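Asks: Sequence below, structure please.
(3 chains)
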Amino acid sequence: MITLASDFGSPYPAAMKGVILQRTDCRLVDVAHDFPRQDVRAAAFWLRETLPYFPSATHLVVVDPGVGTDRNALVVRAGEHALVGPDNGVLLPAARRLAGDADLEYYVIDERRLEPVEPAGAQRSATADSTDPEDATAGPASNTFHGRDVFAPAAAAVHDTALETLGDLEWLSPLEDEPIDLVLPRASLTGERATGEVLVVDDFGNVVTNVPGEFLDGREQIVTNGESVPVGETFAAVPTGERLATVGSHGYVELDVNQERGDEAFDLAAGDRVVLETTAPADCGSDLSDGE
Amino acid sequence: MITLASDFGSPYPAAMKGVILQRTDCRLVDVAHDFPRQDVRAAAFWLRETLPYFPSATHLVVVDPGVGTDRNALVVRAGEHALVGPDNGVLLPAARRLAGDADLEYYVIDERRLEPVEPAGAQRSATADSTDPEDATAGPASNTFHGRDVFAPAAAAVHDTALETLGDLEWLSPLEDEPIDLVLPRASLTGERATGEVLVVDDFGNVVTNVPGEFLDGREQIVTNGESVPVGETFAAVPTGERLATVGSHGYVELDVNQERGDEAFDLAAGDRVVLETTAPADCGSDLSDGE
Amino acid sequence: MITLASDFGSPYPAAMKGVILQRTDCRLVDVAHDFPRQDVRAAAFWLRETLPYFPSATHLVVVDPGVGTDRNALVVRAGEHALVGPDNGVLLPAARRLAGDADLEYYVIDERRLEPVEPAGAQRSATADSTDPEDATAGPASNTFHGRDVFAPAAAAVHDTALETLGDLEWLSPLEDEPIDLVLPRASLTGERATGEVLVVDDFGNVVTNVPGEFLDGREQIVTNGESVPVGETFAAVPTGERLATVGSHGYVELDVNQERGDEAFDLAAGDRVVLETTAPADCGSDLSDGE
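Replies: I've put the predicted structure just below:
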């Protein structure tokens, strides 16, 4: 099984699928192709929250603002899983969740030694002096679409290789430096106060913070931005259109609205700072409002 | 085969797919994950219009504004098909279309008896006193994501069970009350006049009413909202950009525009009242306009 | 394997998948269902750029502004591939790329001889005098959804037929006239100047022109619209937010912005005229600006 995740939109993922199916016969499962463009941190979060639900698989990940530069292309073995993608931090939170730090191996892809991608018609259309757009065609190694030309063929080959023998593949070599890491920001907790930030806003508009859900244990109200918000076990704990704090499906405190968008009601976006308190501050609601 | 339908957007459906593939090896087919948010009626319509084209399958449906409340989680056997989803009416129009009322069975899921969903890394990250976001993780039973934690594992198990033995599954019990029903609204027809409403607007902007297509039989013009509109067998019966009434692929009267959006041209949205007449009313066009 | 491409959005493609899976057991791969509505030229471009990466397959293509008219429905054999879709030009650029002009065969579908599509419940709901929306249903041959009722069953049957025996299928006959062609526009090149147009803007906002990539060979700057733009091998050759010209993954000159949208920065859309020059013209920048 190969899963695919990218910020490509459509239809570029189809070219990756074609390349894979040209080389191996395996199940393909889309994780998402609408990750926020070039947003390595958001993709890293979603992969960490999604891939652990899959059985053993090869995970192809292409969120790659540095495509065509000398950033490394990686294969990461994470326990019974393999991840294939750029060395920009996007793979590591998921890899650590899948396997723990003790069971990770990092390999660098030598793209010159991969079997080149050759689309049908590439030879026919390679007449250089033509101005017929039928005749223009990318060579086998594009500088801007490594998803199709490097990562897809690498994922197909990894899928066909036993994970314990990855090191035998001639186009892989052990990564000598540390991989680029991307540690998702940690919340600061004291007994009565959590200072964190918004990790992502999901498609429902739920505001996922990095404050661990246990912060809400035994509490019926919290204060954020000077305003009191009820704590509920699920969205429907409050009437439609009302705000609440809850422990979301990722295990973090979420700021949500029952059947409506929490990001709009709380005026929060990914990266924004969030302060949660268990008792209301006196006389400072408007100051906090200005400060957010 | 398991089909998946939800209002989840992306990437939550991938977690459901991972859970299913962790448990069973079967074909997965997406019906849609962009149903209008929390809109049980729209989802019920689209499922009724889509699922009957599939061969025998398990259909996983999650449009669930009451997630986490005490609403029942259902498995419905509909002839050679099974549907898995919340007891809020979303399943019934499709179930009746698939099998007729005489061949339906309703079961309630006891979610505490399902094998829990355990993502990779759940044990490692369960240290409660950490503030490391790597260490937060949902327990096996989220209150807000039953698609992943209840309906996906139930669908996988139903897929692996012969439909005639569903009643033997220990985590299913017969539904004692009637399921919550959601009857799509009926149009009122007299010879010359149909009063109905807009069931949905599709992605092309076609306005699908609940007036049966036979209302247009033998007619060349109809009047709606005081204006005369030609009846055509297909979009191209009128020039590009022109309005028409036609019998759409669902069998209902649609108000469309050739190659453009009917909802904008007719100023109609889901739920709006629609009156269709076969002769133009005298002197009341503007009144009708005001009233729509 | 059957690939599917359309401008249908959601959930109509699911009905096509159901019809196919009702008739044959094969892998389904989505190319895209968000092609620009009714835009035959854009779809033709994307199919030509995507399908050549696939192994031998049947490609179902439905971008069909003339649905329900007397335009032909085609099966095209292109080497080891088959394409199924309307005779409006959308299939030909991909077919020629897949197989060359010498290895193409064109057949017309006689839709009356295809086995009709019969959704579950069609008989039950065919009571003509009912006003119950449960009872309205499309007959087996809709005038507005040939993707479901003609092309999907045709694709399933083609998938089950050896390509060399397509001519034996009783519902296919050789196309007697030439198929409708759609030649993508050619750029005009002189040594120092290329005059072309924008073929498409992709989901990243990259502006894909029809000027062959070789025009940039050995050049460090080009002039477009009176302004000088650096030539780079990849997006990251310029700082984030800066403009560049590069040879994109399709082999053409693209006008892009590193990590942002080129269409907005260059104010260009599909179909717009583009002039690229290798030296800056004297005193005519503003004239060119007016002319774009």
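
Asks: Spit out the contact partners of residue A:64.
Replies: A:71, A:85-86, A:88, A:146-147 (C-beta atoms under 8 Å, 6 or more residues apart in numbering or on different chains). Backbone N, C-alpha and C define where each C-beta goes, glycine included.

Asks: May I ask you to confirm that residue A:95 is in contact with residue A:106?
Replies: No: counting by C-beta atoms under 8 Å, residue A:95 sits too far from residue A:106 to count as a contact (9.0 Å).

Asks: what is in contact with those two at once?
Replies: Overlap between the contact sets of residue A:95 and residue A:106, as judged by C-beta under 8 Å, 6+ apart, is given by residue A:76.

Asks: Would you mind telling me which of the two has the busier surroundings?
Replies: Set side by side, residue A:95 and residue A:106 show more neighbours around residue A:95, with 28 against 22, by other C-beta atoms under 10 Å in any protein chain shown.

Asks: sorry, back to before: just the contacts of residue A:64 now: which is nearest residue C:24?
Replies: residue A:147 (30.3 Å; C-beta to C-beta).

Asks: Give me the distance between that closest one and residue B:14.
Replies: Distance, residue A:147 to residue B:14, by C-beta to C-beta, to the nearest Å: 18 Å.

Asks: do the same with residue A:90
Replies: Relative to residue B:14, and taking C-beta to C-beta, residue A:90 is found at 16 Å.

Asks: The residue in chain A that chain B sits nearest to - nearest residue in space that isn't next to it in sequence?
Replies: Residue of chain A nearest chain B, by C-beta to the nearest C-beta: residue A:234 (2.5 Å). Spatial nearest neighbour of residue A:234, excluding adjacent residues (C-beta to C-beta, 6 or more residues apart in numbering or on different chains): residue B:68 at 2.5 Å.

Asks: Can you check the pLDDT for residue A:287?
Replies: You'll see residue A:287 listed with a pLDDT of 42.

Asks: before we move on, what about residue A:56?
Replies: With respect to pLDDT, residue A:56 scores 98.

Asks: what does residue A:278 give?
Replies: 87.

Asks: low pLDDT regions in chain A?
Replies: A:123-141, A:280-292 (pLDDT under 70).

Asks: Can you show me the helices along it?
Replies: In chain A, helices defined by DSSP state H lie at A:12-23, A:40-50, A:92-99, A:146, A:152-159, A:262-266, A:285-291, listed in chain order.

Asks: Are the longest one and chain B in contact anywhere?
Replies: No: Helix A:12-23 stays clear of chain B (C-beta under 8 Å from any C-beta of the partner chain), getting no nearer than 12.4 Å.

Asks: Tell me which other helices or strands that helix touches.
Replies: Contacts defined by 3 or more C-beta pairs under 8 Å, 6 or more residues apart in numbering or on different chains; DSSP states H and E place helix A:12-23 against strand A:2-6, strand A:28-32, strand A:58-62, helix A:152-159, strand C:28-32, helix C:40-50.

Asks: Excluding chain neighbours, give the residue nearest to residue A:239 in space.
Replies: With sequence-adjacent residues excluded and distances taken as C-beta to C-beta, 6+ apart, residue A:239 is closest to residue A:258, at 6.6 Å.

Asks: what's the burial count for the one you found?
Replies: 20.

Asks: got it, and residue A:191?
Replies: Residue A:191: 7 neighbours (other C-beta under 10 Å).

Asks: now do residue A:113
Replies: Neighbours of residue A:113 using other C-beta under 10 Å come to 11.

Asks: pretty sure it contacts residue A:173?
Replies: No: contact criterion C-beta under 8 Å: residue A:113 and residue A:173 do not qualify, at 9.8 Å.

Asks: if I pick residue A:43, what's in contact with it?
Replies: Neighbouring residues of residue A:43 by C-beta under 8 Å, 6+ apart: A:5, A:7, A:35-36, A:61, A:63, A:90.

Asks: thinking residue A:204 is in contact with residue B:37, fair?
Replies: Yes: contact criterion C-beta under 8 Å: residue A:204 and residue B:37 qualify, at 6.8 Å.

Asks: Looking at these two, which is more packed in?
Replies: More crowded of residue A:204 and residue B:37, by other C-beta under 10 Å: residue A:204, with 22 against 17.

Asks: Show me the contact partners of the top strand by length along chain A.
Replies: Counting by DSSP state E, the longest strand found in chain A is strand A:193-201. Outside strand A:193-201, the residues within contact range by C-beta under 8 Å, 6+ apart are A:42, A:45-46, A:184-189, A:207-211, A:215, A:252-253, A:262-263, A:268-278, B:133.

Asks: possible to save the contacts of residue A:64 as TSV with distance to residue C:30 and neighbour count?
Replies: Listed next are those as TSV, based on distance: C-beta to C-beta, whole Å; neighbours: other C-beta atoms under 10 Å in any protein chain shown:
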residue	distance to residue C:30	neighbour count
A:71	30	16
A:85	22	28
A:86	25	26
A:88	28	21
A:146	22	25
A:147	16	28
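
Asks: What's the local residue count around residue A:111?
Replies: Neighbourhood size, residue A:111 [other C-beta under 10 Å]: 16.

Asks: which non-adjacent residue is nearest it?
Replies: Once flanking residues are discounted, residue A:111 sits nearest to residue A:150: 4.7 Å by C-beta to C-beta, 6+ apart.

Asks: Quick check: the one you found touching residue A:72?
Replies: No: Residue A:150 is beyond contact range of residue A:72, at 11.0 Å (criterion: C-beta under 8 Å).

Asks: Much appreciated, bye for now.
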